[in-house]
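Participant: Attaching a predicted model along with its sequence, questions to come.
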Amino acid sequence: MKKALSILLIFVAFLIIYFLQVNFFTWFNIAGVMPNLFVVLILVVGLFAGKYVGISAGVIAGLFLDIFISKKIGVTAITLGIVGFIGALLDKNFSKDSRITLILMVTILTVLFEILNYAINAIIFSYSLELVGFFIKLAIETVFNILITIILYPLIQKCGYTLEENFKETKILTRYF
């Protein structure tokens, strides 16, 4: 029951972020660049809920985004799945309690997501490479994601630990039952 509620929480967060991306941030952008909150969401899911939930949430969210927004199906699903997987790997090596660590994770994964997305689209769909414009967009989007992570840090921590409690079982063996 708790896992179903947590999945519902992830879905509601996806809908809220989708609404913000499509409606709110189209008005509040810098040079036409909006934050990519889906990277933050999938990172948090992978970081707190585990590898399989992170990958699944990334692929499903990416497919929805590809169907609703993009004309190319599969590219965002692959890259968000990778973000979910890396988020789960970062859980084992870094502390989730530090705000600085979470900001560094968001920064690295935003850069990785955008580079992978750009590279896959350039290879598959034969885009011309415009690296200066891409790096300007990447810098603005990364700063946006960092600012939103700083603002929403208490909410991210609370929701994250709820996910961790529901998806990761503690395997503590006691000597005496």
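Facilitator: Arrived safely, thanks for sending. Numbers count the residues shown, from 1 in each chain.

Participant: worst-scoring helix or strand of the protein, pLDDT-wise?
Facilitator: Here the helix or strand of the chain ranked lowest by mean pLDDT, DSSP states H and E is helix 25-27, holding a mean of 82.

Participant: where along this structure do the helices fall?
Facilitator: 2-19, 25-27, 37-49, 51-68, 75-93, 99-125, 131-151, 153-167 (DSSP state H).

Participant: so what secondary structure elements neighbour the last one?
Facilitator: Going back to what we said before, that points to helix 153-167. On a contact count with 3 or more C-beta pairs under 8 Å, 6 or more residues apart in numbering; DSSP states H and E, helix 153-167 meets helix 2-19, helix 37-49, helix 99-125. From N, CA and C alone the C-beta is placed, and that goes for glycine too.

Participant: Repeat that for the first one.
Facilitator: Contact partners of helix 2-19 among helices and strands, from 3+ C-beta pairs under 8 Å, 6+ apart: helix 37-49, helix 51-68, helix 153-167.

Participant: try it again with 6 Å
Facilitator: Secondary-structure packing of helix 2-19 (3 or more C-beta pairs under 6 Å, 6 or more residues apart in numbering; DSSP states H and E): helix 37-49, helix 153-167.

Participant: Out of those, which is the most enclosed?
Facilitator: Neighbour counts (mean count of other C-beta atoms under 10 Å) averaged over each of these peak at helix 37-49, with a mean of 27.

Participant: All good on my end, thank you.
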